[in-house]
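Colleague: Sequence first, then the predicted structure, then my questions.
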Amino acid sequence: MNIEQARFNMVEQQIRTWEVLDQRVLDLIGQMRREEFVPPQYRDLAFADIMIPLGHGQVMMEPKVEARLLQALSIAPTDVILEIGTGSGFFTALLAQLGKHVYSVDIMPDFTESAQRRLAGHGIRNATLETGDAANGWDKHGPYDVIAITGSLPIIPKAFDLSLKPGGRMVAMAGTAPVMEAILVMRDAREGWGRESLFETNMPALLHLAQPRFVF
């Protein structure tokens, strides 16, 4: 496989055509070596338009989904970011390249350890990886400018809304299979929250979720 041609095709044929026009995002994904974050047995699928299994029932998001989420977050170089679900560490690396610092939490110690090695191998020093159960909130380093929740939830816990700074942005996948949507949450300076539906999706759920009390 011609890796660089495959990377170029991924950006031009999958990502750009899926309404990702932010040149910073396109350039970053075109430069970051995604194949080095994919489990070895799936390396040949690193640039395919599919979710890649990571173990424990979790997956690496499709490249176009990663790109759309990054574009929606409009990350600034001064932003402090919370990521729920470290996974392979690839999305962590993208967030770290765009923001000031990333705090990434995963419930699986092996995900945290392997992602730490990959990030160090790429010289990424502005990411702090922690192992913990953050499915219902993680305000340890908050409030945050940006929150990225990379697994799905039936509803977004209010704790995450409250962990956003005024002017902050959050992306999350909400709903239950097979009907889910990626949502952008924006907190304004008057302590209000706005929501925008980005696209339909179907992602594995975060582990240890509190079940919603009401279903509408």
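Modeller: Right, received. Where do you want to start?

Colleague: partners of the top strand by length along the chain, with directions?
Modeller: Longest strand in the chain by number of residues (criterion: DSSP state E): strand 164-176. Strands flanking strand 164-176 in the sheet, each with its direction: strand 144-153 (parallel), strand 179-187 (antiparallel) (DSSP bridges).

Colleague: In contact with M10, which residues?
Modeller: Residues in contact with M10 (CB atoms under 8 Å, 6 or more residues apart in numbering) are 29, 34, 47, 49, 63. Glycine gets a C-beta too; all of them are placed from N, C-alpha and C.

Colleague: Buried among these? Need that as a selection in ChimeraX.
Modeller: For the buried members of the contacts of M10, the matching ChimeraX selection, counting by 16 or more other CB atoms under 10 Å, is:
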select :29,34,47,63
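
Colleague: show me where this structure has strands.
Modeller: Using DSSP E, strands in the chain cover 52-55, 58-60, 80-84, 101-106, 127-131, 144-153, 164-176, 179-187, 193-201.

Colleague: Let me have the ones you listed in TSV, adding mean pLDDT as columns.
Modeller: Formatted as TSV, the strands of the chain follow (pLDDT from 0 to 100):
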stretch	mean pLDDT
strand 52-55	96
strand 58-60	95
strand 80-84	98
strand 101-106	98
strand 127-131	98
strand 144-153	96
strand 164-176	95
strand 179-187	95
strand 193-201	94
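
Colleague: that older thread, now the strands paired with strand 164-176 as CSV including distance to A93 and mean neighbour count?
Modeller: Shown next, in CSV, are the strands paired with strand 164-176 (distance: least, CB to CB, whole Å; neighbours: other CB atoms under 10 Å):
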stretch, distance to A93, mean neighbour count
strand 144-153, 12, 25
strand 179-187, 20, 18
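
Colleague: Please produce a markdown table containing these, extended by distance to A76.
Modeller: A markdown table is the format used below for the strands paired with strand 164-176 (distance: least, CB to CB, whole Å):
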| stretch | distance to A76 |
| --- | --- |
| strand 144-153 | 7 |
| strand 179-187 | 14 |
